[in-house]
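Novice: Have a look at this fold, sequence not included:
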């Protein structure tokens, strides 16, 4: 293991969970140095930009790797023996999927990121060690071992889920009967639940509710986290329609809907701060809020130079300290802008290949 | 402005284009099956009149129409050129360049030469004439009507296709990509002023390709079908033509360039770079004739790196001479991806602070004929031997089009046959790639011969 000390420092930083720009920068540069020195390919990329650990002082100078590059190259500081886990990008458009590799240290960092993030944005109202019934519309790890979302959701279930928590995706698809039955029970017992899944899985379920003239009056404290966005091949609904249907069929109000933006190329995810804003009584547009161990910059689509003015649209560049063994700075093919509390992704570019797990969710048909 | 010709539709649909802060509205015809059949019946009566026009006269009038469009004070030219830039998103310089490039090569002489090359005696199209070295008589008549389906945002091939159709005295139904339709309309309008009867043989229509049910009806009524487009489009059309209908298909292709070590001299390097820049910049590399990669043989008087230095300068100069068109956000992202991904295994040179041009240099270990994202992104492959080029090109056998070549004649002759075996249908000098002469066997075919029916009378 080449990086346990670094991993511990990052874990410590994540667990501290405080905005600390100076230490963020220090750690980012350390990670960059580690990655630069241990991956010839990454070194060549950085050298091509004339950026090396010895000539930069800010993480913002680290050249961002386009997410698409993982489809063409194996970019990792790890040797084959050191790789403990490989996640695959979905490659929905091209059929070609990319890979990112993690070792055990990176997995520990990733776990710390997932749990701290979930506490910040998905369960900010849960008391220490309090658990909730989590209903998962994602495949369990056994069915999707290389899907980063399945791994992340499992981590969340194990930490925050009570004994009633359950996966509803089986080998045969969505177990609609069990899902409906458990929702009915939760409704009757007034037990709050956390619904977690791909956005399109839920849209399919809204359709199911409409067709079967059914809805669930879930009790206060119930919430939904959905990920994957809309992938274009199924019913596309606007965010407002989504919120309306969520209220109509689940009785979950907009403050309790948390959309998640995840990329296989990032070990941390970005959550809507809707619930956090609500608890803090913060009047702000719901945005993806960067946890303290990440940074998102908006850069010009013409020059890739940073756009400082808020609300100016450009491409998103993410820096993630949890990317211990994946390049620390990633250029997404997503267009968005900065807000007061975070950023909003407005669209994925069209030539860009779609990522994430939404497509898998969309393929799931209600039995 | 009306985006149809020789039809009177009851219903039209407006389409608005905005680019370069200007707006153009096109009025498209939405025709019914009934309207189409009426148009076709009328065309059949016109057919008789058109067949009476001697081929010599047809050629002369096409020549005059093209000359008219080249005049700087031509009304039609000045009406359509500015609109074409707004509609296509190509810069006005680029539109002008391709407009002039297309109409300049269509002359009396060039048209006569094509006919002589393909059918020996152009008068076979007027009536029975003696066959060469025989007492037999022969006469050729176009398999009319011809349906031209031109997809893709390129200016030029639709005009040559239409001109070939007119020379066979056929009725020509032109279904073109929305963006380039005015180009054909310009030609039709110019021809109408010179020879109204001949111009009646042109019908310009539009419909949603692959969706509108009228498409299949029109395909069924056509005796020849010329289709430019992707494999998918071609397949979709081919499946619907009558078994006896001739289909001439021109699929999407790739072109590339070769510079041998003997060509890479101090004396020629600037010129070669300039010519390459022209091949790359024209149509912002969108055409099937646009070069996507340049193979350079190591060991010349100048190194490939020297060439790249010069190419950088020439591409930069070219952005003033032929400015790049308007790019979509998606295209810009593709350019950034091309640049950044190549940095992992290639040397990358890019224009300063914009997306105007990009160069990636590869060596023997990772050479690649494909991979350009277009919009002036060129791959330079350094190779130790030209045989490497043939090996790489072999991987794309069915998709090869033009090879731009700089080298000694004897070097070319060593590989020319092999390039033919790989499906390459044109070899030309650098700088000429986007502008084939009319005699070219486009996609390796005889372009007019295929549109004719012959009748022989034995002596």
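Specialist: In hand now; what should we look at? None of these values were measured; they are calculated from a predicted model.
Novice: remind me which residues of chain B are low pLDDT?
Specialist: Along chain B, the model assigns pLDDT under 70 to residues B:152-153.
Novice: Enumerate the residues of it near chain A.
Specialist: B:329-334, B:336-337, B:340-341, B:343-345, B:347-348, B:353-355 (CB under 8 Å from any CB of the partner chain). No exception for glycine: its C-beta is placed from N, CA and C like everyone else's.
Novice: Mark which of the residues you listed are buried, thanks.
Specialist: B:329-334, B:336-337, B:340-341, B:343-345, B:347-348, B:355 (16 or more other CB atoms under 10 Å in any protein chain shown).
Novice: Would you mark the buried spots in the helix or strand hosting residue B:184?
Specialist: Element membership of residue B:184 [criterion: DSSP states H and E] is helix B:181-194. By neighbour count on 16+ other CB under 10 Å, the buried set for helix B:181-194 is B:181-192, B:194.
Novice: Looking at those residues, spot the one nearest chain A.
Specialist: residue B:181 (24.0 Å; CB to the nearest CB).
Novice: And the closest residue to the closest one other than its chain neighbours, how far from residue A:284?
Specialist: For residue B:181, ignoring the flanking residues on the chain, the nearest one in space by CB to CB, 6 or more residues apart in numbering or on different chains is residue B:3 at 5.0 Å. Residue B:3 is 48 Å from residue A:284, where distance means CB to CB, to the nearest Å.
Novice: Tell me the secondary structure at the closest residue in space to residue B:355 that isn't next to it in sequence.
Specialist: Among residues not flanking residue B:355 along the chain, residue B:335 sits closest, at 4.6 Å (CB to CB, 6+ apart). Residue B:335 carries the three-state label helix when classified by DSSP: H, G, I helix; E, B strand; the rest coil.
Novice: right, and residue B:335 touches residue B:360 too?
Specialist: No. When contacts are counted by CB atoms under 8 Å, residue B:335 is not listed as touching residue B:360 (11.5 Å).
Novice: Return every residue with contacts to both of these two.
Specialist: The contact sets of residue B:335 and residue B:360 overlap at residue B:377 (CB atoms under 8 Å, 6 or more residues apart in numbering or on different chains).
Novice: can you give me how far stretch A:129-137 is from the chain middle?
Specialist: 18 Å (CA atoms, centre = their mean, to the nearest Å).
Novice: Next: stretch A:15-35.
Specialist: 20 Å.
Novice: what number of residues lie near the residue nearest to residue B:181?
Specialist: Residue B:3 sits with 23 neighbouring residues when counted by other CB atoms under 10 Å in any protein chain shown.
Novice: OK, contacts around it?
Specialist: B:15, B:26, B:27, B:28, B:29, B:178, B:181, B:182, B:185, B:204, B:206.
Novice: Which secondary structure element is home to the second one?
Specialist: By that I understand residue B:26. Applying DSSP H and E, one finds residue B:26 within strand B:22-30.
Novice: Quick check: residues of chain A near chain B?
Specialist: Checking chain A against chain B by CB under 8 Å from any CB, the hits are A:41-42, A:44-45, A:48-49, A:63-66, A:68-69, A:72-73, A:75, A:301-305, A:315, A:331, A:333, A:335, A:349-352.
Novice: Filter those residues down to the ones in helices?
Specialist: Applying DSSP state H to the residues of chain A next to chain B, the entries found in helices are A:41, A:42, A:44, A:45, A:48.
Novice: among these, who's most crowded?
Specialist: For these, neighbours tallied by other CB under 10 Å; top is residue A:45, 26 neighbours.
Novice: what's the closest non-adjacent residue to residue B:358?
Specialist: residue B:377 (4.3 Å).
Novice: so that neighbour touches residue B:335, yeah?
Specialist: Yes. With contact defined as CB under 8 Å, residue B:377 reaches residue B:335; the gap is 6.2 Å.
Novice: for the top strand by length along chain A, packing partners?
Specialist: When chain A is parsed with DSSP state E, its longest strand is strand A:329-338. With contacts taken as 3 or more CB pairs under 8 Å, 6 or more residues apart in numbering or on different chains; DSSP states H and E, strand A:329-338 sits against strand A:65-66, strand A:294-299, strand A:314-320, strand A:343-348, helix B:329-342.
Novice: of those, which approaches residue B:49 most closely?
Specialist: helix B:329-342 (46.7 Å; CB to CB).
Novice: that's a helix at residue B:216, yeah?
Specialist: Yes. Membership of residue B:216 in a helix is supported by three-state DSSP.
Novice: Quick one: residues contacting it.
Specialist: The neighbours of residue B:216, taking CB under 8 Å, 6+ apart as the test, are residue B:240.
Novice: All the helices of the stretch 301-450 of chain B, residue numbers only.
Specialist: B:304-321, B:329-342, B:386-394, B:409-421 (DSSP state H, counting those that start in this stretch).
Novice: Name the nearest residue to the residue nearest the centre of chain B, sequence neighbours excluded.
Specialist: In chain B, the residue lying closest to the centroid (CA atoms, centre = their mean) is residue B:157, at 3.4 Å. Residue nearest to residue B:157 in three dimensions, not counting chain neighbours: residue B:228, with 5.9 Å by CB to CB, 6+ apart.
Novice: Distance from the strand or helix carrying that neighbour to the middle of the chain?
Specialist: Assessed by DSSP H and E, residue B:228 sits inside strand B:224-229. Chain-centre distance of strand B:224-229: 13 Å, with CA atoms, centre = their mean.
Novice: re the thing from before, buried ones among the residues of chain A next to chain B?
Specialist: Buried among the residues of chain A next to chain B (16+ other CB under 10 Å): A:41-42, A:45, A:48, A:63-66, A:68-69, A:72-73, A:75, A:301-302, A:304, A:315, A:331, A:333, A:335, A:349-352.
Novice: For residue A:26, grab the count of nearby residues.
Specialist: 14.
Novice: Can you pull the residues that touch both of residue B:377 and residue B:335?
Specialist: residue B:358.
Novice: For stretch B:47-62, measure first residue to last.
Specialist: 17 Å (CA to CA, to the nearest Å).
Novice: what's next to it, contact-wise?
Specialist: B:106, B:108, B:111-112, B:115, B:122-123, B:125-126, B:141, B:144, B:163, B:166-167, B:169-171, B:191, B:194-195, B:197-198, B:200-201.
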